[in-house]
Structure formats: C-alpha cells, structure tokens
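1. Fold the following and give me the result.
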Amino acid sequence: MRPRRFAGPRPGAWRHAVNRREAAGFRPRRPLRFRGEALPAAFRSFPCRPKALNQRCAVAGFRDRGKPFPRASRRTRTAELSMSLVDSVRKVIVPIHKEGYVFIAIGLVATIVLANLWSPFGWIGAIVTVWICYFFRDPVRITPQREGLVISPADGRVSQIASALPPPELDLPAEPMTRVSIFMNVFDCHVNRAPVPGRILKMAYTPGLFLNAELDKASDDNERNALAIETASGPIGVVQIAGLIARRIVPFVKEGDTLATGERFGLIRFGSRVDVYLPAHVVPLVGEGQTAIAGETVLADLSGNEPLARSYRGI
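-> So this is what the prediction gives:
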C-alpha cells in the first residue's frame, strides 16, 4: 500500500495540541498582551484566545515575567469563590455594638427556654432577639470633614427647630441658641456621633423623668447627658435625652477628651432624643420632619453666610 503523503497540518489540528507550537505551521495572528505588556513565549503559545487568556491571567494573579502560566487547581478556584462570598456577606451584615452583646445573649437564652415551653413562644423570642440585634447595629458612616460643618449626631427625624436656652449645667451663656431636636424611635440606630470636632469643655449627667421624648418639656424634665464642645466658632451643645422607653444613657467619652467629626461618643437604649444647640446666627440646613443620618446629614454650616432661612415642603 502506497504511504500517504503529508501535505501539512490538518484543519483544526492545533485545537488538540497542548501547546500551539506543537501544531506544525501554526502562526499566531497577533502577540497576546496582559495589562499592556507582552506575555512570555510560554503564554503566547497557550491554546486559548487572547481575551480568555487575559482573564485567566488576571484570576491567577500573574506577576512574574517569563514564568509559565500557573494553572489554577479546583481547590484554588473553590477557595477564591468562598472568599468572594465571605466578603459579600461581610459587606451586607452590619456590625453590632458591643453594648448589645449582653442583651442578645439574654434574648437567645429566653428564646430557648420559651421554645421548650411552647413553640409559638419560641418564635416570639426569636423575633425579639432579631430586633435587639437590629437595634444595637453600628454601621460605618462616611462623614464630611470640611471645616465648619455640623453633622447630625443621631439617626431619626428632625422633630423641632426652635430658639431655646441651653441647659444650665453646661455653663454656656444664658442666651437663646438655635436648637435642632432629632427624635429616635425604637427602629433607629442609637449610636450617637460627634456633630463637630473639638474638645469637651463640660460633660454633665442630670437624672430626671422618662416622658415622651417628642414633648418640648422633655428637654428640661427628662434624664439627660449634656456635652459642651469647643469649636473655632464658639461652643456647641449636644444633649442626649432619655425617652419613654429609654432607661439608660451610655457615654463613651469623658470631660476633656477631644472628638473628631463623626466619632462615637455615646449610646441611648431603646428610644430617645438628641438636641444640638447652635449659635443664634446659624441657619439650619434641615427642616422639620426630615430624616437625619448620624455622621452623614449636614445640619448647619458654621462658616456659611445664609441671610434667609430655607423653606421645605413634603412630597
């Protein structure tokens, strides 16, 4: 039988080769590049299209020139996928403040006990425990850092903007100041943040009643913790007021400490209100009924010159 004469590589023969150079007569159409740099010979001959090869180089973290392309194992790909899932879950889950750990533990124990008594009680306990975790959340906030800005110290609704005298325990001048009140319900984040940078001139705790924090007289009659913060534009007053359900004000700072804008300075448990006392000439940049976010919403600009107050309307 007459031997068959070799006339060249069969069409598509390079597809079955581990290395393109093993297919006789194959010439790549263009050099492959990764991040603007030509790949070594071992990469240029890899049996893969340019776009797919660049993607595999990026996944494998190609760094060293001239080294053969490291083929990722199944275990490595699984580990990378697991790490990406963990990062995604961490970004979704909001951190919980350490002050809530004790209450969460009590809720878990109570849920187990109630579930053993009757399963519907266990579901009620589980719902309450989830709410406790939600109440003590402590999310990361992106705080504006421009000089002169007054940032909201609490999450909640701006319940009142009025002219009022500051608390006498702060030893501030007995002159009317602009008071911005922010009411926090039981579903708001209760970690309070510094509205302005500065040193704490005075910090005073005053025991009192536990009236509805939305009432105007709650500023004088309710239990409260007041801070006077020194700024370049004069002292600013911040008062944490306990509400109808709140029974505990937890401070994180002491008199003489220096705060940065947005830094955590205290927490109020289970519904309350925070008042911010601004100089009388400062025009607030928020309106009554507006929702404020602690560490992000701008309440006023101490260095701004606004001759007229802004008007607001609900939509």
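
2. can we go C-alpha only for contacts and neighbour counts from here?
-> OK.

3. Show the end-to-end separation of stretch 241-250, please.
-> End-to-end distance for stretch 241-250, by Cα to Cα, to the nearest Å: 11 Å.

4. Residue 107 sits in which helix or strand?
-> helix 101-117 (DSSP states H and E).

5. wait, residue 219 sits on residue 241?
-> Yes. Using Cα atoms under 8 Å, residue 219 makes contact with residue 241 at a distance of 6.9 Å.

6. Of those two, which one has the most company?
-> A count of neighbours by other Cα atoms under 10 Å puts residue 241 above the other of residue 219 and residue 241, at 30 against 22.

7. on that earlier part again, what touches both of residue 219 and residue 241?
-> residue 213 (Cα atoms under 8 Å, 6 or more residues apart in numbering).

8. which residues touch stretch 222-238?
-> Contacts for stretch 222-238 (Cα under 8 Å, 6+ apart): 148, 166-167, 169-170, 172, 196-211, 213, 239-243, 249, 274-279, 302-303.

9. and that stretch, C-alpha only, in CSV?
-> Output in CSV follows, covering the C-alpha atoms of stretch 222-238 (Å, rounded to 0.1, in the frame of the first residue of the first chain):
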residue,chain,number,x,y,z
ASN,A,222,-36.2,64.0,81.4
GLU,A,223,-33.0,62.3,82.3
ARG,A,224,-30.2,63.6,80.1
ASN,A,225,-26.4,63.7,79.5
ALA,A,226,-25.2,67.1,78.2
LEU,A,227,-21.8,67.9,76.4
ALA,A,228,-20.4,71.3,75.6
ILE,A,229,-17.9,71.0,72.7
GLU,A,230,-15.4,73.8,72.0
THR,A,231,-15.1,74.9,68.3
ALA,A,232,-13.5,77.7,66.4
SER,A,233,-17.0,79.3,66.0
GLY,A,234,-17.8,79.0,69.7
PRO,A,235,-19.1,76.2,72.0
ILE,A,236,-21.7,73.8,70.7
GLY,A,237,-24.1,72.0,73.0
VAL,A,238,-25.2,68.3,72.5
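
10. just to revisit the earlier point, quick one: residues in contact with the helix holding residue 107.
-> Contacts for helix 101-117 (Cα under 8 Å, 6+ apart): 121, 122, 123, 124, 125, 126, 128, 129, 132, 133.
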